[in-house]
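Enquirer: I'll drop the sequence and a predicted model, then ask my questions.
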Amino acid sequence: MTAELIIETIQKDLPYGSDQRQRLDLYFPVEPNGALLLDIHGGGWWQGDKAKEAAFATRLADAGYLVAVPNYRFADGQAGRNLYPTQVEDVRAALAWLRNGDLEFSRDRIGAIGGSTGGNLALELAIAEGLPAASWSGLLDLAGFIAKYGDADPHKVDINPDAPSDQIDQGGWDPGYYKWLVFNLLGPSLDNLDAATPVRRISATTGPCLFANSLEELVPPEESLTAAQALVGAGVPARVLLFEGRRHAAAYLDDALVETLRFFAHYLGVQAPA
């Protein structure tokens with residue numbers, strides 16, 4: 001489904017830091033509801049771009065949200081550059097820049113959403129900042145994955161940088177690629193594996209979360225269930241959406257969007273879409 005562009009304006013490449021990757025785009029709604037959503041792109045922590053979120057950010061802005069779409073620095077495990085927690089630091093810096101600026105939105109009505117590794121970073125913001133977050137196909141239990149599938153042979157997947165998000169990582173279960181992503185994020189020693197595993201840091205101060213996953217996709221659905229169980233154990237509300245097939249993140253947008261918007265409407269205190 002193609003969304004009609006009805007948002008008022010877009011501002012691109014606004015710097016929230018000194019690095020060239022520390023830039024964000026803003027999508028302004030015609031009828032603002034007073035809330036802000038950070039829409040965080042995926043790409044395995046090593047590729048991707050905020051421009052690919054344009055259609056999705058437009059859908060969120062059409063629902064009344066001011067939408068900020070940040071880029072962040074890419075990890076390179078072989079070179080030892082921008083390893084974890086660089087990407088978490090960047091999205092938190094983007095959030096601080098937004099909070100401290102003069103944009104018109106309620107500072108207590110902020111949420112985070114992302115797919116794949118964007119879903120990982122959305123949960124990181126829920127943990128660090130207490131924001132309500134929606135994580136679609138988020139890589140959430142890195143240590144649990146390595147413990148269970150550590151024998152997989154790691155391999156990189158070559159991805160067309162111009163491919164639409166809903167056509168990326170749609171091949172289904174691929175433990176070798178998931179393992180490569182973890183090593184690329186952390187470096188070959190995996191010294192920060194436990195620290196980089198967000199499900200192990202969920203607490204009573206974590207924001208409520210919605211998790212979505214397909215049953216046979218790149219990210220095992222049990223990661224969403226593990227995260228939801230950890231939240232419930234900490235006394236924090238959680239919702240889980242599970243879909244059939246191999247669809248990863250943006251590929252199930254039309255099935256997940258309505259419930260996701262209802263989730264944010266509830267926890268950000270705005271009117272839900274009809």
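Expert: Happy to help now that I have it.

Enquirer: CA only for contacts and neighbour counts going forward, please
Expert: Fine.

Enquirer: now the strands for the stretch 151-274 of the chain?
Expert: 209-214, 238-243 (DSSP state E, counting those that start in this stretch).

Enquirer: closest one to E53 among these?
Expert: Across the strands of the stretch 151-274 of the chain, E53 has its closest neighbour in strand 209-214 (17.8 Å, CA to CA).

Enquirer: Against which helices or strands is that closest one packed?
Expert: When contacts are defined as 3 or more CA pairs under 8 Å, 6 or more residues apart in numbering; DSSP states H and E, strand 209-214 packs onto strand 133-136, helix 222-233, strand 238-243, helix 253-268.

Enquirer: again, only using 10 Å
Expert: strand 110-115, helix 117-129, strand 133-136, helix 222-233, strand 238-243, helix 253-268 (3 or more CA pairs under 10 Å, 6 or more residues apart in numbering; DSSP states H and E).

Enquirer: Nearest to D76 among these would be which one?
Expert: Comparing those against D76 with CA to CA, the closest turns out to be helix 117-129 (14.8 Å).

Enquirer: got the angle between the closest one and helix 222-233?
Expert: Counting by axes from the mean of the first three to the mean of the last three CA atoms, to 10 degrees, helix 117-129 lies at 20 degrees to helix 222-233.

Enquirer: what's helix 117-129 packed up against?
Expert: Applying 3+ CA pairs under 10 Å, 6+ apart, we find helix 117-129 packed against strand 36-40, helix 86-100, strand 110-115, strand 133-136, strand 209-214.

Enquirer: Can you tell me the strand partners of the last one and which way each runs?
Expert: If I follow you right, that is strand 209-214. Strand 209-214 pairs in its sheet with strand 133-136 (parallel), strand 238-243 (parallel), by DSSP bridges.
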